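Participant: Everything below, folded, please.
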Amino acid sequence: MTASFTTKNEDGILRLCRAQVYAAIDDLHQDTNRQSALVFFLSENFKRCCEICGFDYKSIIEDVYEMSKLSNIQRKVRGQQIINQLKSLSV
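Facilitator: Here you go, the predicted model:
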């Protein structure tokens, strides 16, 4: 019984971390949420989430930096592209 609880808990943590990374990427195009998203990307929590999900946090940081040079609509489109790439890695 403990093993199944641990597996469910680890699966929940994985899904939570993925959702948090996706939400932060998506928030970059919104003026009201951009600052909190950037704070998340600079945090240890972001690095830990990337470790749990198997994402390369340095490449995400590079993409986030490049997104800062884009307009809001371009950031939204690029953010969705990045999220789709990460989702394809997760499958």
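Participant: From now on I want contacts and neighbour counts done on CA atoms only, so please keep to that.
Facilitator: Noted.
Participant: residues contacting the residue nearest to the spatial centre of the chain?
Facilitator: Of all residues in the chain, the one closest to the mean position by C-alpha atoms, centre = their mean is residue 21, 1.8 Å from it. For residue 21, the contact set (C-alpha atoms under 8 Å, 6 or more residues apart in numbering) comprises 46, 49-50.
Participant: Save those residues as TSV, and put in neighbour count too.
Facilitator: Rendered in TSV, the data for the contacts of residue 21 read as follows (neighbours: other C-alpha atoms under 10 Å):
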residue	neighbour count
46	18
49	21
50	19
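Participant: Looking at those residues, which are in helices?
Facilitator: 46, 49-50 (DSSP state H).
Participant: which element is residue 34 on?
Facilitator: Applying DSSP states H and E as the criterion places residue 34 in helix 31-41.
Participant: ok, now residue 89?
Facilitator: Using DSSP H and E, residue 89 falls in helix 72-90.
Participant: Could you name the helices and strands sitting against that helix?
Facilitator: helix 2-27, helix 57-67 (3 or more C-alpha pairs under 8 Å, 6 or more residues apart in numbering; DSSP states H and E).
Participant: please redo it, this time with the cut-off set to 7 Å
Facilitator: Contacts defined by 3 or more C-alpha pairs under 7 Å, 6 or more residues apart in numbering; DSSP states H and E place helix 72-90 against helix 2-27.
Participant: quick one, the lowest-mean-pLDDT helix or strand in the chain and helix 72-90 angle?
Facilitator: In the chain, the helix or strand scored least confidently by mean pLDDT, DSSP states H and E is helix 2-27, which has a mean of 83. Angle of helix 2-27 versus helix 72-90, following axes from the mean of the first three to the mean of the last three C-alpha atoms, to 10 degrees, is 160 degrees.
Participant: Buried residues, helix 2-27. List them.
Facilitator: Residues of helix 2-27 classed as buried: 14, 17-18, 20-22, 24-27 (neighbour count, 16 or more other C-alpha atoms under 10 Å).
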